[in-house]
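1. sequence and predicted structure are below.
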2 protein chains.
Amino acid sequence: MADQQQNPSGEDALIARYFKPLATDPGAFGLLDDAATLDARGEDIVVTTDAIVAGVHYLPDDPPDTVARKALRVNLSDLAAKGATPAGFVLTLALRRAEEQWLAEFARGLGEDAKLFGCPLLGGDTVSTPGPAMLSITAFGRAPRGAMVHRSGAKPGDHIMVTGTIGDATLGLDILKGGAVATALTGDEAARAFLIGRYHIPQPRNALALAVRDHASAAMDVSDGLAGDLAKLCVASGVSAVVDAPSIPISDACAAALARGVAGIERLVSGGDDYEILCAVPEARAGSLALAAQRAGVALTTIGQVIAGTGAPRFLDARGEDITLARLSYSHF
Amino acid sequence: MADQQQNPSGEDALIARYFKPLATDPGAFGLLDDAATLDARGEDIVVTTDAIVAGVHYLPDDPPDTVARKALRVNLSDLAAKGATPAGFVLTLALRRAEEQWLAEFARGLGEDAKLFGCPLLGGDTVSTPGPAMLSITAFGRAPRGAMVHRSGAKPGDHIMVTGTIGDATLGLDILKGGAVATALTGDEAARAFLIGRYHIPQPRNALALAVRDHASAAMDVSDGLAGDLAKLCVASGVSAVVDAPSIPISDACAAALARGVAGIERLVSGGDDYEILCAVPEARAGSLALAAQRAGVALTTIGQVIAGTGAPRFLDARGEDITLARLSYSHF
């Protein structure tokens, strides 16, 4: 599987080739991390940016308030994984036309989340586009100087831990598109609604940010798929990993879909849109982080271990045999 | 003309209605300014964001390196007008497909400008879109705490000053579209190339940023048209203004187009894409700013005066009569 690390996804290769040479500031970390820091002479301002496009990251007829929440929360999720406290955001809103009703609901959802997460709007730009709607948010967080948690830093022996459950959102999207999961879960409205909700509204784990900063050796949020994102963390840290696939936390709704044979573990770990924190935690710190998660009301599960080496992470089934992953994560190009 | 201030452009009204209530942080300045500040405990990080869309802000077949330069420079122009020193930027790049040749030239232009202006890439997001390409940049600058220059602050008696020349870019766009200016300037290749260049590659006045911070009472960059942007500055400052239209600095190429009757002053002041600094400067400071501009090699011209009142700025012709402006500036909606 080492080949997969030699052939990173199209966008990663493009970034490495064309944009890494431009990232000359030490706070850019060579574009190999999920956020940058702006040295603010005393504390660091952690900067992250994520865009969502209608028809790519959300469906054009998704409720406007959930589109707003998703746009903000995918950025909050980055701040959480980097151990930063939200400080504010700027929004670029590109719309084909300004529809009052859509905007009113969009702004309501955005405002409620900004308040909920203590991350106020600082500014933005509103432009017209002949194409699909696009929302780009740049979010800012604070951290003590040098305290941002990086992708690099994982060491052999570290626990690999993940918050929440994995794979819900990709199944929720399948339901919205009327796919096989939709058919399999016909009649199970609770499961369908749960999975769709997980696609529409990520639950960023900002409540755990300070504990991640205190205890994790490396962290990132799972946005493109657990397998691919873990591979990125391993590459950045110069290590490999072994994951016990049956340990990967899944929801009851997800388990129901698995039981009906319409989705396998391969799909769950490569589907993306989870927005959970993936972190490597030294053995001696794992208990403390687990306790902090319990106090914060955030599920946290150990799914494997960091090992020495440079191969792609291995996912083992209940019999200890390698699971073959056709693709590691979502790639835009 | 007071009605024009009661009916701000569509996007301004949308922002005021839907997004101003979300701008709860004091550093957002009620979304009434061109940038926000992030209190970095000791100095301010000035934040600005501007997006450009293919077919809206640039032509799809514009040279990729100029697209990159424009995307960065429209943000640098904001930092200059706010009196901030560039510190870095993040880029969201939404593309239909990843074309190596286009990306290579884009990255080259971006890198050269990042170096030229001391504003390195800090991070970004690359996404696919089924629509036109879109580039959204969030740029950061530094300023001593509270020193950012605002739109508000202009006082009656202040000089109204503007850098560079006004109206070139809108005529350059006309030429690229094969409009009347193109026909009128047939054979005058130097004038055509100059105007097209002004559309493709803005010249942000960052060399003047510190002097603007030292001397201006209010400032913003001219991006949507001088008339509309001056109206915004007046509204923010609670004042009005009188502009002596013949004093508005225009280039020789622009003068040639005017002489051939294919464009009037109304068009030049409402066309947009100038990316010059517009500022209000107390009488006692105007000489110092002019001297600083001379030393920086930046043309700076007094075009009028701030007056008491709340009416829209008046533009007077050579005979002292009001020029009627059909539209003040470009609006996206």
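-> Great, that's in hand. Since the model is a prediction, treat every value here as computed from it, not as a measurement.
2. contacts and neighbour counts: CA atoms only from here.
-> OK.
3. pLDDT at the residue of chain A positioned farthest from its centre, what is it?
-> No residue in chain A sits farther from the centre than A:E100, which is 30.9 Å out by C-alpha atoms, centre = their mean. pLDDT for A:E100: 84.
4. how near is it to A:K70?
-> Distance of A:E100 to A:K70, given as C-alpha to C-alpha, to the nearest Å: 20 Å.
5. what residues does the stretch 51-200 of chain A have near chain B?
-> A:51-53, A:55-56, A:88, A:90-92, A:97-98, A:103-104, A:107-108, A:110-111, A:114, A:120-132, A:136, A:138 (C-alpha under 8 Å from any C-alpha of the partner chain).
6. mind checking which of the residues you listed are in strands?
-> A:51-53, A:88, A:90-92, A:121-128, A:136, A:138 (DSSP state E).
7. where along chain A do the helices fall?
-> For chain A, applying DSSP state H gives helices covering A:2-6, A:10-14, A:64-81, A:100-116, A:168-176, A:180-184, A:189-200, A:209-215, A:226-237, A:252-259, A:265-270, A:283-296.
8. orientation of the fourth one relative to strand A:121-128 in degrees?
-> Angular relation of helix A:100-116 and strand A:121-128 on a 0 to 180 degree scale: 160 degrees, by axes from the mean of the first three to the mean of the last three C-alpha atoms, to 10 degrees.
9. go ahead and confirm A:R205 touches A:E276.
-> Yes - taking contacts as C-alpha atoms under 8 Å, A:R205 lies within contact range of A:E276: 6.8 Å.
10. between the two, which contacts overlap?
-> A:77, A:163 (C-alpha atoms under 8 Å, 6 or more residues apart in numbering or on different chains).
11. from chain B, how far off is A:D168?
-> Noted for A:D168: a distance of 22 Å to chain B, by C-alpha to the nearest C-alpha, to the nearest Å.
12. same question for A:A28.
-> 4 Å.
13. ok, that residue - contacts?
-> A:35-37, B:121-123.
14. and which of these is nearest A:D78?
-> Checking these against A:D78 by C-alpha to C-alpha gives A:A35 as the nearest, at 7.3 Å.
15. how many residues are close by that closest one?
-> By the criterion of other C-alpha atoms under 10 Å in any protein chain shown, A:A35 has 32 neighbours.
16. likewise A:L233?
-> 27.
17. before we move on, the earlier item: what's the most buried one of the helices of chain A?
-> Sort the helices of chain A by mean neighbour count, taking mean count of other C-alpha atoms under 10 Å in any protein chain shown, and helix A:64-81 sits at the top with a mean of 27.
18. mind giving me the packing neighbours of that one?
-> Helices and strands touching helix A:64-81, by 3 or more C-alpha pairs under 8 Å, 6 or more residues apart in numbering or on different chains; DSSP states H and E, are strand A:43-53, strand A:85-95, helix A:100-116, strand A:134-144, helix A:189-200, helix A:209-215, strand A:218-222, strand A:276-281.
19. closest one to B:V262 among these?
-> Smallest distance to B:V262 across those (C-alpha to C-alpha): 32.6 Å, for strand A:85-95.
20. partner strands of that closest one, parallel or antiparallel?
-> strand A:121-128 (parallel), strand A:134-144 (antiparallel) (DSSP bridges).
21. lowest-confidence stretch among those strands?
-> Among the strands paired with strand A:85-95, strand A:121-128 scores lowest, at a mean of 86.
22. what bits of the stretch 201-333 of chain A have low per-residue confidence?
-> A:328-333 (pLDDT under 70).
23. so which of the helices and strands packed on helix A:64-81 is nearest A:C254?
-> Evaluated over these, closeness to A:C254 peaks at helix A:189-200, with 7.6 Å, by C-alpha to C-alpha.
24. okay, domains of chain A per the record?
-> Annotated domains of chain A cover A:33-144, A:159-316 [automatic domain parsing].
25. contacts only, for the residue lying closest to A:R205 once chain neighbours are set aside.
-> Counting by C-alpha to C-alpha, 6 or more residues apart in numbering or on different chains, A:R205 lies nearest to A:A80, which is 5.9 Å off, once chain neighbours are set aside. For A:A80, the contacting residues are A:204-209, A:221, A:277, by C-alpha under 8 Å, 6+ apart.
26. over to A:E105?
-> A:64-65.
27. and if you look at A:P120?
-> A:87-89, A:111, A:114, B:22-25.
28. between which two of the residues you listed is the distance greatest?
-> A:A87 and A:G111 (14.3 Å).
29. wait, A:G118 touches A:L76, no?
-> No - if you go by C-alpha under 8 Å, A:G118 and A:L76 don't touch, sitting 10.3 Å apart.
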